[in-house]
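Asks: the following comprises the amino acid sequence and a computationally predicted model.
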Amino acid sequence: MANQFLDLGISAPILKAITELNIVEPTEIQQKTIPLLLSNTTDVVGIAKTGTGKTAAFGLPLLQLIDTEQPIVQAVILAPTRELGHQIFSNLEAFAKYMPKVSIAASCGGIPIKPQIERLSAPTHIVVATPGRLIDLIQRKAINLSNTKFLVLDEADEMVSILKESLDEIVAELPKAHKTILFSATMPGTIKQLVQNYLNKNVVQVSASMETIGNQGIDHQYIIVDPIEKLDVLMHFLNSKEGERGIIFCKTKAAVNKLAKNLAINRFSSGAIHGSLSQGIRDRIMEQFREGHINILVATDLAARGIDVKEISYVVNYHLPDAYEAYVHRSGRTARAGAKGLSLTVLQPEEVTEIADFEKELGIKFHLFKKPSVASIEENNTLLWAKQIFKTKPNHEVDADFKNKVKTIFHHLTKDELVEKLLANYLLQNKPTNTEKPVKKLKKN
């Protein structure tokens, strides 16, 4: 199988490294892009969904085209977030395992710039950066791009607004003869404009279908809920996935914070990331998620970019994304490396008509996820209540005399009798007033 990469023109040192990484069969976008980039004759636009191996598609030929005898920056790769930037950096380092003379640096925002400036003072061939940090380095005269041969814009659709402001300044630092490589999940008008403004008129465009490794294993489903039952239905779903890892996407930072708080109250193993959190907090939560210390990540679209965890079994779109490409990026977090995965979209009745548009635009098929019954939701909420009690830490500051008074009230009850009474009390307090509506929610501050 590895011979397929050899047939594409990949050199022996890179071939050895990717074989050890179990990358043996090129994806469609890799098959189409690698020979083009190795020929180094044209600008290239690649249209490919997340999870289709884009980093290797541009990374492998770039590594091979580096002239290690020239201690200068020869390629700049721009990514929308620091998380994705460091993911690209890690992948390139792995691909270049047997190319010790190739020097790669990451210069992304959210962390102190001084160490990055010091790193760039040493010979560097490839720089992976976020646009804002690269501009900062340019303005500080800390990076020299006058001999840079390649500019890569990865997931350009996620940084259009940033690129509009900064691309002129970046391109002005590059030699006129440089080649530009742009990757995007889709080709909206804003990306077409970027291509017209910054790429050669003879640019070659290649695309890969959704039916590629990393995407074919996704089961796209949707569930229809009323606003009042949305949270209860989500809790029911998450309880059914106990022990599995997943990501829940929300539209706004406020929604992420609110949902994360509810998950914490109900003792789910979870964490949250969004753009307003410090980089240190985001890094710590991401590390906990990657290492399996937490099972559920609640995130905004941009904050979750760069998550490449193979064991993510499901993605929940708690809010329908505004753009088709956002759905592609979200759902692509699951079913990595050929695994299976579920992408579940939670819809309110008035949003159901939009599913047909997503199907038509993305070439995928959604299936209806059956909503749990009122009785099943009520049972689930009761189990969550029991879990809250079980996981509540004892309050050792309670006065001992008062604690003894409380114990005296219960002292004659067996454990089974106490559980019976607690359960009866909970059900009495949370009895639905209308059997057609879901059970009253647990108090969630």
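Replies: Perfect, I can see it now.

Asks: assess the claim that residue 74 and residue 144 are in contact.
Replies: No. The criterion here is CB atoms under 8 Å, and residue 74 misses it with residue 144 at 11.2 Å. Where C-beta positions appear, they are placed from N, C-alpha and C, glycine not excepted.

Asks: strands of the stretch 201-350 of the chain, residue ranges please.
Replies: Assigned by DSSP state E, counting those that start in this stretch, the stretch 201-350 of the chain shows strands spanning 204-207, 218-224, 245-249, 270-273, 296-299, 312-317, 341-347.

Asks: what is the orientation angle of the second one with strand 341-347?
Replies: Right, strand 218-224. Using axes from the mean of the first three to the mean of the last three CA atoms, to 10 degrees, the direction of strand 218-224 lies 20 degrees away from that of strand 341-347.

Asks: packing partners of strand 218-224?
Replies: strand 341-347, strand 367-368 (3 or more CB pairs under 8 Å, 6 or more residues apart in numbering; DSSP states H and E).

Asks: show me which of these has the highest average neighbour count.
Replies: strand 341-347 (a mean of 23; mean count of other CB atoms under 10 Å).

Asks: state the distance from residue 31 to residue 375.
Replies: Applying CB to CB, to the nearest Å, the value for residue 31 to residue 375 is 52 Å.

Asks: so which of these two has more stuff around it?
Replies: residue 31 (18 against 11; other CB atoms under 10 Å).

Asks: now the more buried one. Nearest residue, chain neighbours left out?
Replies: residue 8 (6.8 Å; CB to CB, 6 or more residues apart in numbering).

Asks: run through the residues that contact the one you found.
Replies: Residue 8 makes contact with 26, 30-31, 34-35, 38, according to CB atoms under 8 Å, 6 or more residues apart in numbering.

Asks: so which of those sit within helices?
Replies: 30-31, 34-35, 38 (DSSP state H).

Asks: hang on, the earlier thing: closest to residue 288 out of the strands of the stretch 201-350 of the chain?
Replies: strand 270-273 (6.0 Å; CB to CB).

Asks: ok, the closest one: who's next to it in the sheet?
Replies: Partners of strand 270-273 in the sheet, by DSSP bridges, are strand 296-299 (parallel).

Asks: got the helices and strands packed on strand 218-224 as JSON lines, with distance to residue 241 columns?
Replies: What follows is the helices and strands packed on strand 218-224, written out as JSON lines (distance: least, CB to CB, whole Å):
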{"stretch": "strand 341-347", "distance to residue 241": "9"}
{"stretch": "strand 367-368", "distance to residue 241": "17"}
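
Asks: low-confidence stretches in the stretch 151-300 of the chain?
Replies: 209-216 (pLDDT under 70).

Asks: ok, 80 please
Replies: Scanning the stretch 151-300 of the chain with the threshold set as pLDDT under 80 gives 158, 160-162, 164-165, 185-188, 209-216, 275, 279.

Asks: would you mark the buried spots in the helix or strand harbouring residue 15?
Replies: Under the criterion of DSSP states H and E, residue 15 resides in helix 12-20. Using 16 or more other CB atoms under 10 Å as the test for burial, helix 12-20 gives 13-15, 17-18.

Asks: any idea how far residue 366 is from the closest residue in space to residue 321 that isn't next to it in sequence?
Replies: Leaving aside its sequence neighbours, residue 321 sits nearest to residue 327 (CB to CB, 6+ apart; 5.0 Å). Separation of residue 327 from residue 366 (CB to CB): 10 Å.

Asks: which one's more surrounded, these two?
Replies: Neighbour tally, residue 327 and residue 366, criterion other CB under 10 Å: the higher count belongs to residue 327, 24 against 18.

Asks: tell me the contacts of the more buried one?
Replies: The contact partners of residue 327, by CB under 8 Å, 6+ apart, come to 317, 321, 345, 358, 362.

Asks: can the strands of the stretch 201-350 of the chain go into JSON lines with extra columns for distance to residue 132?
Replies: Formatted as JSON lines, the strands of the stretch 201-350 of the chain follow (distance: least, CB to CB, whole Å):
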{"stretch": "strand 204-207", "distance to residue 132": "28"}
{"stretch": "strand 218-224", "distance to residue 132": "32"}
{"stretch": "strand 245-249", "distance to residue 132": "24"}
{"stretch": "strand 270-273", "distance to residue 132": "18"}
{"stretch": "strand 296-299", "distance to residue 132": "20"}
{"stretch": "strand 312-317", "distance to residue 132": "28"}
{"stretch": "strand 341-347", "distance to residue 132": "31"}
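
Asks: deepest-packed of those, please.
Replies: Of all the strands of the stretch 201-350 of the chain, strand 296-299 has the most neighbours on average by mean count of other CB under 10 Å, namely a mean of 26.

Asks: next one: it to chain centre, how far?
Replies: Mean-position distance between strand 296-299 and its chain equals 10 Å (CA atoms, centre = their mean, to the nearest Å).

Asks: same check on stretch 234-245?
Replies: 19 Å.

Asks: just the terminal-to-terminal distance for it.
Replies: End-to-end distance for stretch 234-245, by CA to CA, to the nearest Å: 15 Å.

Asks: contact partners of it?
Replies: 223, 246, 248, 262-263, 266, 268, 289, 292, 295-296, 309, 311-314, 316, 318, 344, 346, 372, 376-377, 380-381, 383-384.

Asks: may I see the buried residues of it?
Replies: 234-239, 241, 245.

Asks: which among the residues you listed gets closest to residue 202?
Replies: residue 245 (44.8 Å).

Asks: understood, closing this out.
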